[in-house]
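Visitor: Show me how the following folds:
(2 chains)
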Amino acid sequence: MRILFMGTPDFALFSLRALVEAGEDVVGVVTQPDKPRGRGYTLTPPPVKVYAEEKGLPVYQPRTLRDEAFAALLREIDPEVIVVVAFGKILPVNVLEYPKYGCVNVHGSLLPAYRGAAPMQRAIIEGCTETGITTMFMAEGLDTGDMLLKKSVAIDLHDTFETVHDKLGECGAELLLRTLALLEKGEILPEKQEDALATYAAKIEKEDCLLDFSRTAKEVHDRIRGLSPIPLSFTHTPDGKLLKVVASDLADGKGRPGEVLSLSGGRITVACGEGAVALLSVLPEGKKKMSAADFINGRRISVGDMLS
RNA sequence: CGCGGGGUAGAGCAGUUCGGUAGCUCGUCGGGCUCAUAACCCGGAGGUCGUGAGGUUCAAAUCCCACCCCCGCAA
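Guide: Here you go, the predicted structure:
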């Protein structure tokens, strides 16, 4: 099959790499335009572009898919199937309808749960013990298309966005290959989503990252790991400085929510509304990630301090 | 020139405003206490203070100049 791949970040790379390594006929890669990022607004290419160029694949970075220029490009490339993984743009109807085999999307949740932008993070934050990958045909609505294949992946108490992201990335790649193989043979049965059961995983906003220690220890811990290592949850030390939290664990103890209960064992134990969490690794404002032990040794925190 | 923080012993920091060759916590090494210990006590080692046969000065980690590197925010 002539495959046109559309994707942007690292998550999409798992799938693109799998296609390439499986010898699939990837005839083109569409990704977001380079964007100014980081200090000094350096123009940075998306990960998918970097990889695609390494492999000598044609890369396209249209500003919009909704013009005649892209329609013409599509006819020129003439894909039989379009694979979309974390692309970051909505596909217009004319694109959705173009390929003979349709547009296949790899989504990081067990649909219809967690439709939307941040399914992995939301699943962890909400304490799920299971999530997964769904491949589906793309439809006009947001992640509403008919489902093709599904595979679940466990989330354990110490998984983070990073570990789940990688597990699902690999799982997605594997499922994508199987989906395409079955699709080509016509041996796949699309299944409608039960819209009544749908939930949404909204994009992560800054306010999602502020820790609320009045919640239960489990909820605080789930939020910390669901946002680690990107973008990281945060709180503030008594001097008003930002303190991001990289890693945590559940702990024993009780006190006023946000109160630092103990600094022993290289752990910063903080009281929550119910129970306590131990901060194991942090990122102070203007500094780099460090262990809680290092932060403690620098004397930047004392027992009794309130984090907010 | 988007905003900002920083480069001082293996690690995390203080000291720089008011120049006078450096201190804290941890680690490490040795000794002690203890049934024992990641606990405690005593002692030690370890630093060209990012770079510059730079500038100012009797004297610079501390002031000035240039350069290199790291990081946070915002996108």
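
Visitor: In the stretch 101-250 of chain A, which residue sits closest to RNA strand B?
Guide: Closest to RNA strand B within the stretch 101-250 of chain A is residue A:206: 5.3 Å, counting by CB to the nearest atom of the strand. Where C-beta positions appear, they are placed from N, C-alpha and C, glycine not excepted.

Visitor: can you check the stretch 201-308 of chain A too?
Guide: Among all residues of the stretch 201-308 of chain A, residue A:298 sits closest to RNA strand B, at 2.5 Å; criterion: CB to the nearest atom of the strand.

Visitor: for residue A:31, what are its contacts?
Guide: Applying CB atoms under 8 Å, 6 or more residues apart in numbering, we find residue A:31 in contact with A:6-8, A:46, A:48-49, A:52, A:59-61, A:87.

Visitor: circling back to that earlier point, count of residues packed around the residue of the stretch 201-308 of chain A closest to RNA strand B?
Guide: Applying other CB atoms under 10 Å, we find 11 residues neighbouring residue A:298.

Visitor: likewise residue A:183?
Guide: Using other CB under 10 Å, residue A:183 has 21 neighbouring residues.

Visitor: Is it located within a helix, as I assumed?
Guide: Yes - assessed with DSSP: H, G, I helix; E, B strand; the rest coil, residue A:183 lies in a helix.

Visitor: coming back round to it: distance of the residue of the stretch 201-308 of chain A closest to RNA strand B from residue A:232?
Guide: 19 Å (CB to CB, to the nearest Å).

Visitor: Do I have it right that residue A:246 meets residue A:288?
Guide: No - counting by CB atoms under 8 Å, residue A:246 stays clear of residue A:288, with 10.4 Å between them.

Visitor: so does the helix or strand bottoming out on mean pLDDT in chain A get close to RNA strand B?
Guide: Across the helices and strands of chain A, mean confidence by mean pLDDT, DSSP states H and E is lowest for strand A:42-44: a mean of 88. No - Strand A:42-44 does not reach RNA strand B (CB under 7 Å from any atom of the strand); its nearest approach is 7.6 Å.

Visitor: And stretch A:278-286, by the same measure?
Guide: Yes - Stretch A:278-286 reaches RNA strand B (CB under 7 Å from any atom of the strand) through A:283-286.

Visitor: circling back: in strands only, show me the contacts of residue A:31.
Guide: Cross-referencing the contacts of residue A:31 against strands under DSSP state E gives A:6-7, A:59-60.

Visitor: wait, which of those residues is closest to RNA strand B?
Guide: Using CB to the nearest atom of the strand, the ones in strands among the contacts of residue A:31 come closest to RNA strand B at residue A:7, 18.8 Å.

Visitor: Can you name the residues bridging to the closest one?
Guide: Judged by DSSP bridges, the bridge partners of residue A:7 are residue A:85.

Visitor: repeat for residue A:233
Guide: Applying DSSP bridges, one finds that residue A:233 bridges with residue A:245.

Visitor: Can you give me the neighbour number for it?
Guide: Neighbourhood size, residue A:233 [other CB under 10 Å]: 22.

Visitor: OK, contacts around it?
Guide: Going by CB under 8 Å, 6+ apart, residue A:233 touches A:209-211, A:223-224, A:227, A:244-245.
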